[in-house]
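In: sequence and computational prediction follow.
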Amino acid sequence: MVSILPPEAPKVHSVTESWKAVRQLTDAELHAVLRARARKSLLKLHWDSSIVDLMKLLDLESGLFVRDLLAQELDVNAGPLGSSDQNIALHKALMRRLAQNGGMVPENIYDLIHL
């Protein structure tokens, strides 16, 4: 029996690059982005000095276990888990990574610890 239907055309998968270069922000630009985000929040957050509040502002989980995961991801080892020294170093490292990523949470961090 011969089919009268045309043979199925081969499927062509085109690969397009959706990657865009992200411009690194200055500290002032990053603070402006985060201030704008904080104004929209109903919470009173001290994101500029608290790692927990910064993570809340970014809609990231902020518990001790999660901060440990974040510290590992950012290679931060400034003291015992949850200590002031560790939290300050973690805050600086996350701010630096945000600036490098145009004010956005990098995908690897978001995937690791988003709410």
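Out: Yep, that arrived.

In: over to residue 25. Which of the three states is it?
Out: coil (DSSP: H, G, I helix; E, B strand; the rest coil).

In: now it: closest residue in space that isn't a chain neighbour?
Out: residue 99 (4.7 Å; C-beta to C-beta, 6 or more residues apart in numbering). In short, each C-beta sits where N, CA and C put it, glycine included.

In: with residue 68 instead?
Out: Nearest to residue 68 is residue 81, by C-beta to C-beta, 6+ apart, at 5.3 Å.

In: circling back: wait, the residue nearest to residue 25 touches residue 23, no?
Out: No. Applying C-beta atoms under 8 Å, one finds residue 99 not in contact with residue 23, separated by 10.1 Å.

In: which of those two has more neighbours?
Out: Remark: of residue 99 and residue 23, residue 99 carries more neighbours, 17 against 10, as counted by other C-beta atoms under 10 Å.

In: output the helix or strand harbouring that one as PDB - backbone C-alpha positions only.
Out: In this structure, residue 99 is located in helix 84-100 according to DSSP states H and E. Presented in PDB, the C-alpha positions along helix 84-100 are these (Å, rounded to 0.1, in the frame of the first residue of the first chain):
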ATOM      1  CA  SER A  84      28.300  39.000  62.500                       C
ATOM      2  CA  ASP A  85      31.600  38.700  60.500                       C
ATOM      3  CA  GLN A  86      30.100  36.000  58.200                       C
ATOM      4  CA  ASN A  87      26.900  38.000  57.700                       C
ATOM      5  CA  ILE A  88      28.800  41.200  56.800                       C
ATOM      6  CA  ALA A  89      31.100  39.400  54.400                       C
ATOM      7  CA  LEU A  90      28.100  37.600  52.800                       C
ATOM      8  CA  HIS A  91      26.200  40.900  52.400                       C
ATOM      9  CA  LYS A  92      29.300  42.400  50.700                       C
ATOM     10  CA  ALA A  93      29.700  39.400  48.400                       C
ATOM     11  CA  LEU A  94      26.000  39.300  47.400                       C
ATOM     12  CA  MET A  95      26.100  43.100  46.700                       C
ATOM     13  CA  ARG A  96      29.200  42.600  44.600                       C
ATOM     14  CA  ARG A  97      27.500  39.800  42.600                       C
ATOM     15  CA  LEU A  98      24.300  41.800  42.100                       C
ATOM     16  CA  ALA A  99      26.400  44.800  40.800                       C
ATOM     17  CA  GLN A 100      28.200  42.400  38.400                       C
END
